[in-house]
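**Student:** Sequence and predicted model, in that order:
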There are 2 protein chains.
Amino acid sequence: MNHKNTYLINGDFTQRISPLDRGFAYGDGVFRTLLMRNGQPDSWPLHYQKLVADCAAIGIVCPSAELLISDMQQLFSVTENQPEVAKIIITRGEGARGYAPPAITNPTRVVIKSAMPKYAPDIFVKGVDLHQCETRLPEQNKLAGIKHLNRLENVLARMEWNDENLFDGLMLDQQSNVIECTMSNIFARFDEVLITPDLSSCGVAGITRQRIIWLASMLSLKVEIKPLPFTKMALADEVIICNSLYGALAVSKVGHKKFPVQNLAKNLRDALKV
Amino acid sequence: MNHKNTYLINGDFTQRISPLDRGFAYGDGVFRTLLMRNGQPDSWPLHYQKLVADCAAIGIVCPSAELLISDMQQLFSVTENQPEVAKIIITRGEGARGYAPPAITNPTRVVIKSAMPKYAPDIFVKGVDLHQCETRLPEQNKLAGIKHLNRLENVLARMEWNDENLFDGLMLDQQSNVIECTMSNIFARFDEVLITPDLSSCGVAGITRQRIIWLASMLSLKVEIKPLPFTKMALADEVIICNSLYGALAVSKVGHKKFPVQNLAKNLRDALKV
C-alpha cells in the first residue's frame, strides 16, 4: 500500500507513531469519522465539540480546532468533487511503561484521509439487512457514549459475518436491549415517536444521532431516549440506522426478522442534507 | 526522550507504527510484560503459550517464538546484571478504515525494553497499600482473561490516585466482587485455602497467578477459583497480589481496611524464585 500524503501526525507527513504512544499501548485516546465535501468537514462544529468532550471525559486536552482544520486543509482539496472521509485520532501521547499517565502529556493528533465507502445504490431505496451480533456490549458508565480507541468489541462483532449483503451488525447489551450497530446508531419509529437507545451505560453517542434528535420535530416526530428491548424494536413501524457518512438508512431485516421500509430514512437524509 | 535501541518493530530498529495499524486504531492486539534476567525472559514458555492463546482468542496468528526470542536477543544483553523489563505487543497489523479486518493480515510485532520499576525495599517486608478503585470492570466473556490492548479502564482506574504510597488499585466488578488490581492479580487466604477470583467474565488471567495456582500445594495450600465478594475478602487471614515483575506482595491495606501481613507473600516469592 502507498500511504503517501494520506495522513498527518502532529501536522507532519513524515512522522509515524511511537510504540510508546498510549493510543497504541492502551487505546488511550478518542477518534471521529467525518464526511468531507469539497475538502470541508461536514458538521464540523458538532464534530469538534464532541471531540473536545470525549477527550475531556478521559482527561485529555484536545488540540485546537485551528490545528485540526490546518491538517485537513493540507490533506484535502477544495476542488475535489467526490466526497471523501477524514478520520481524526487524538491520543494522550507518549508515556513510559505503566498505566499512570506522565505528569506532562503531549497529545498525539492524527488526521487520515480515505475514500468514501462504495455504497450499493439500492440500499438508499430498499434499505439494508443487519447481522444480529452475538458479541454483547458491557455496561461501563465511565466510557459510555465516548468514541474512544478501545474498540475490540466492535472488531469481534464485525468479524462475526463476511456476507457482503449484510451492511452492519446490531449490538445488544447484556439485558438484550438494542444499543447500536458496529458503525451506526439506531432509531425505531412507533407512530410519530422515534425511540433511540439510552447510551448512558454503553455505546457511542454519534453526532448524526444527535442531529436526528434535534431535527425530528421538523418531520413531526417526537424523540424518546430510553432503553429499547429487542423484543420491542421488533414491533416498530420502521427502523433506521445513521452515521456521518451515509446519513440515514432504512433497516429491512435483522437476522431473519423483516422490517417495513417506508420514507423515514429518505426524509432524514433530506433533513440531514447528506 | 531518547528511545534509541529501546524497541524493535517487526525486528527493525528503524520502523515505527503506522496510524493505520489496527493496534493503534482499535486496540486490536494483545501484550505481555516479562521480567528479563541476564537478558533472558523469565517463565518464557508460559508467557509464549499465553501470548499465542490471547492472539488466538481474537483471531490473530501469533509470530513464532524464534522471531520474538531473536528480537529479545537484539535488545537485551546476557551480561546485564540488573533485571530489566520486556514488553511484547502483537497487533492484527495494518488495515483500511473500518472494523472488518483485511482478508490477509500481517501482524505487527513490537518488543520494548524498559528498566525495572524502583520498588521501595520495605514493601517486601511490610506489604503494600491499595487504592480502592471507583472504576468497575464490566462483564465481557468474549474478552475476559485476555491481556488485550483495550486498557482504558485500567488507565482511568490508575488515574484515580496520585499518592506514591498506594502501590496499586483494587478493581471490583459491577456486583462488588474482587477481580484484580490495575497491574496485578490477587489471592485471599482463609486458613489453608487460597481463593483467587474467577476471571471468566472480566479481568486478565496473568501467568504469575497461574504459577501460584500450580505451586500452592508445595506450600500446603489448596486453591479455589471462584467469585470473591469484597465483603468476603475483608475477612481473609492474608491477601496478596502478584505479577511477573515483583512476584508476590502482601496487601496491608485497601482504602481504610487493614489486612494482617504474615509469610504468604514471602513464601510465594521464594517458591516463584522471583
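**Tutor:** Okay, I see it.

**Student:** which regions of the stretch 151-274 of chain A sit below the pLDDT cut-off?
**Tutor:** By pLDDT under 70, the weakly predicted segments of the stretch 151-274 of chain A are A:274.

**Student:** where exactly do the strands run in the stretch 51-200 of chain A?
**Tutor:** A:84-91, A:108-115, A:128-132, A:166-172, A:177-181, A:185-190, A:193-197 (DSSP state E, counting those that start in this stretch).

**Student:** Reformat these as a markdown table; add mean neighbour count and distance to chain B.
**Tutor:** The way it works is simple: take the backbone N, C-alpha and C, and place the C-beta from them, glycine included. A markdown table is the format used below for those (neighbours: other Cβ atoms under 10 Å in any protein chain shown; distance: least, Cβ to the nearest Cβ, whole Å):
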| stretch | mean neighbour count | distance to chain B |
| --- | --- | --- |
| strand A:84-91 | 22 | 6 |
| strand A:108-115 | 21 | 5 |
| strand A:128-132 | 22 | 12 |
| strand A:166-172 | 23 | 9 |
| strand A:177-181 | 25 | 11 |
| strand A:185-190 | 22 | 15 |
| strand A:193-197 | 22 | 17 |
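
**Student:** want to throw the ones you listed into a markdown table with distance to residue A:230?
**Tutor:** Putting these into a markdown table (distance: least, Cβ to Cβ, whole Å) gives the following:
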| stretch | distance to residue A:230 |
| --- | --- |
| strand A:84-91 | 30 |
| strand A:108-115 | 32 |
| strand A:128-132 | 9 |
| strand A:166-172 | 6 |
| strand A:177-181 | 5 |
| strand A:185-190 | 10 |
| strand A:193-197 | 10 |
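
**Student:** between those strands, which one is nearest to residue A:101?
**Tutor:** strand A:84-91 (10.8 Å; Cβ to Cβ).

**Student:** The closest one pairs with which strands, and in what direction?
**Tutor:** strand A:29-37 (antiparallel), strand A:108-115 (antiparallel) (DSSP bridges).

**Student:** Identify the residues contacting the last one?
**Tutor:** So that's strand A:108-115. A:5-11, A:17, A:21, A:23, A:29, A:36, A:63, A:67-68, A:71-72, A:75-76, A:82, A:84-94, B:19-20, B:96-97 (Cβ atoms under 8 Å, 6 or more residues apart in numbering or on different chains).

**Student:** distance between it and the chain's centre?
**Tutor:** Remark: strand A:108-115 is offset 15 Å from the chain centroid, using Cα atoms, centre = their mean, to the nearest Å.

**Student:** Roughly how far does the closest residue to residue A:80 other than its chain neighbours sit from residue A:169?
**Tutor:** The spatial neighbour of residue A:80 that comes closest, neighbours along the chain excluded (Cβ to Cβ, 6 or more residues apart in numbering or on different chains), is residue A:39 at 5.6 Å. Going from residue A:39 to residue A:169 by Cβ to Cβ, to the nearest Å gives 32 Å.

**Student:** try residue A:32
**Tutor:** Counting by Cβ to Cβ, the gap from residue A:32 to residue A:169 is 21 Å.

**Student:** just to revisit the earlier point, please give me every residue in contact with the residue nearest to residue A:80.
**Tutor:** Going by Cβ under 8 Å, 6+ apart, the list of residues near residue A:39 reads A:72-73, A:76-80, A:84.

**Student:** Quick check: it vs residue B:95, distance?
**Tutor:** On the measure of Cβ to Cβ, residue A:39 and residue B:95 end up 25 Å apart.

**Student:** Same question for residue A:43.
**Tutor:** Distance of residue A:43 to residue B:95, given as Cβ to Cβ: 26 Å.

**Student:** Of those two, give the one with the bigger neighbour count.
**Tutor:** Legend: neighbour count by other Cβ atoms under 10 Å in any protein chain shown for residue A:43 and residue B:95, higher for residue B:95 (22 against 19).

**Student:** Quick check: the more buried one touching residue B:24?
**Tutor:** No: using Cβ atoms under 8 Å, residue B:95 makes no contact with residue B:24, being 10.7 Å away.

**Student:** Show only the entries of the contacts of strand A:108-115 found in helices.
**Tutor:** A:23, A:67-68, A:71-72, A:75 (DSSP state H).

**Student:** Give me the pLDDT for the most far-flung residue of chain A relative to its centre.
**Tutor:** In chain A, the residue that sits farthest from the middle, by Cα atoms, centre = their mean, is residue A:103; the gap is 31.0 Å. We have a pLDDT of 92 for residue A:103.

**Student:** what's the nearest residue to residue A:207 if we skip its chain neighbours?
**Tutor:** Nearest residue to residue A:207, sequence neighbours excluded (Cβ to Cβ, 6+ apart): residue A:46, at 4.5 Å.

**Student:** before we move on, back to that, can you put the strands paired with strand A:84-91 in TSV and add distance to residue A:55?
**Tutor:** Listed next are the strands paired with strand A:84-91 as TSV, based on distance: least, Cβ to Cβ, whole Å:
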stretch	distance to residue A:55
strand A:29-37	6
strand A:108-115	11
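
**Student:** Can you lay out those as CSV showing mean pLDDT?
**Tutor:** Listed next are the strands paired with strand A:84-91 as CSV, based on pLDDT from 0 to 100:
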stretch, mean pLDDT
strand A:29-37, 98
strand A:108-115, 97
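
**Student:** To residue B:240, which of those strands lies closest?
**Tutor:** Short answer: strand A:29-37, nearest of the strands paired with strand A:84-91 by Cβ to Cβ, at 34.0 Å.

**Student:** Please export the C-alpha coordinates of the closest one as PDB.
**Tutor:** Backbone C-alpha positions of strand A:29-37 (Å, rounded to 0.1, in the frame of the first residue of the first chain) are rendered in PDB as follows:
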ATOM      1  CA  GLY A  29      -7.500   8.100  23.100                       C
ATOM      2  CA  VAL A  30     -10.600   9.000  21.000                       C
ATOM      3  CA  PHE A  31     -11.500   9.400  17.400                       C
ATOM      4  CA  ARG A  32     -14.000  10.800  14.900                       C
ATOM      5  CA  THR A  33     -15.000  10.000  11.300                       C
ATOM      6  CA  LEU A  34     -16.000  12.900   9.200                       C
ATOM      7  CA  LEU A  35     -17.600  13.300   5.800                       C
ATOM      8  CA  MET A  36     -15.600  15.700   3.700                       C
ATOM      9  CA  ARG A  37     -17.200  17.600   0.800                       C
END
